[in-house]
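Undergrad: The following block contains a protein sequence and its predicted model.
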Amino acid sequence: MHRPHRRTLLRAGLALPVAAMTAGAADAAGAGSATEIRESIDNGVATHNARWEVTPLATVLDDCHHWSYLCGQVGTSGDADWEATAAHVALLDARAHLDSGLPDRALELAQRARMLARGHGDLYTELRADLVAAGVWDATRPESYGVPDAILAKVRTRGRVTWLAATAAVLGANLSARRGDVDATVLLVKGAERLAGQLGASSPGDYNRAHVAAFSANALVRAGLGKAARPRLSLAAYLAEDQGPGLRSAVALYESRAALDGGDRAEAASHARRALDISAGRPASWLARSVIEQARQAGDGYGWDMLANRAGSWQMA
């Protein structure tokens, strides 16, 4: 059977089977010049970033595995362009591992991305890697606040007037809400919203106004400020209509949390079911973990046990 040439696959940004790696560095180099291979990896990473919420995590993980191999075998140590490519691959890989429920490996990859990015002055990748690291702490040590708070504060300071800084602020607001600091929650939400008002459109796959609205609403719900959260939830739901399933499912989950805190377990279950339905094509560990947590809070009835079982199967997968 005819097989497409490796060079064709690389230019398309597609991953080759892991078995193809056994051909070694010489075969990889034969796929084209080092520059062509690096550019094809960059294109593949950009495609995955732009289509982050609709690309299966297994595909992202496989591609990152292959691209990491090529960076190590074809790339030139100390070459700024190759180090930038390796940093972008490591960051993408870290995000995929975190969403797959593999936080330890996600943290290792985020630290690698951060180190490589800092080496050639790529502040955006360095700060985005810091956000992944903060996400690891949130996923694995929800009772800890000092480390993720410090990470997010650094992103806010160094990110200045960017969507990364605004996102770090609302993620910090969620941490503050979880530890019961209502004043800090409100302060960070308002700061993030002021900052967002100064920003233009973001790049495909980057954080944007919809994320800030959604994360702000969730922080206020967590802080017990349901009245203040409601208009932000409505705005987030409206803005999320043009976003991928990841954010739409997050908004549905936040609506579920707001309804549950308001005592309406039936409405909360309906929103949670919708969140799982939206993300059924690309299950994410964070969503499964959150649904299970809310099911535990809701108790028996209204189908919460079935929702918890469904979410639990995602985590096992």
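TA: Right, received. Where do you want to start? Because the structure is a prediction, the values reported are computed rather than measured.
Undergrad: And the strands in the chain?
TA: Along the chain, no stretch is classed among the strands by DSSP state E.
Undergrad: where's residue 40 relative to residue 71, distance?
TA: Using Cβ to Cβ, to the nearest Å, residue 40 is found at 12 Å from residue 71. In this view, the C-beta of every residue, glycine as well, is placed from N, C-alpha and C.
Undergrad: er, residue 252 actually
TA: Distance from residue 252 to residue 71, by Cβ to Cβ: 38 Å.
Undergrad: Same check on residue 51?
TA: Going from residue 51 to residue 71 by Cβ to Cβ gives 21 Å.
Undergrad: first vs last residue of stretch 194-204, how far apart are they?
TA: Start to finish, the residues bounding stretch 194-204 are 22 Å apart (Cα to Cα, to the nearest Å).
Undergrad: average pLDDT for it?
TA: The pLDDT scores in stretch 194-204 average 93.
Undergrad: change the start of the numbering to 548 and stick with it
TA: Done: numbering now begins at 548, and the last item shifts to stretch 741-751.
Undergrad: who touches it?
TA: Stretch 741-751 is contacted by residues 596, 597, 708, 709, 710, 712, 713, 716, 755, 756, 759 when judged by Cβ atoms under 8 Å, 6 or more residues apart in numbering.
Undergrad: show me the contacts for residue 813.
TA: residue 849.
Undergrad: Could you list the alpha-carbon positions for stretch 687-697 in CSV?
TA: Coordinates of each C-alpha in stretch 687-697 appear next as CSV, following Å, rounded to 0.1, in the frame of the first residue of the first chain:
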residue,chain,number,x,y,z
THR,A,687,-4.0,18.3,43.1
ARG,A,688,-3.8,20.4,46.3
PRO,A,689,-7.1,22.4,46.5
GLU,A,690,-6.4,23.1,50.2
SER,A,691,-3.1,24.9,49.3
TYR,A,692,-3.1,28.6,48.4
GLY,A,693,0.3,30.1,48.9
VAL,A,694,2.1,28.6,45.9
PRO,A,695,-0.6,29.1,43.3
ASP,A,696,-1.3,32.6,44.6
ALA,A,697,2.3,33.5,44.2
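Undergrad: Give the buried residues for that stretch.
TA: Burial within stretch 687-697, assessed by neighbour count using 16 or more other Cβ atoms under 10 Å, is assigned to 692, 695, 696.
Undergrad: And for stretch 591-601?
TA: Buried-residue list, stretch 591-601, by 16+ other Cβ under 10 Å: 591, 592, 593, 594, 595, 596, 599, 600.
Undergrad: ok, the residues you listed vs residue 844, which is closest?
TA: The nearest member of the buried residues of stretch 591-601 to residue 844, counting by Cβ to Cβ, is residue 600 at 26.6 Å.
Undergrad: nearest residue to the closest one other than its sequence neighbours?
TA: Nearest in space to residue 600, with sequence neighbours left out and distances taken as Cβ to Cβ, 6 or more residues apart in numbering, is residue 791 at 2.8 Å.
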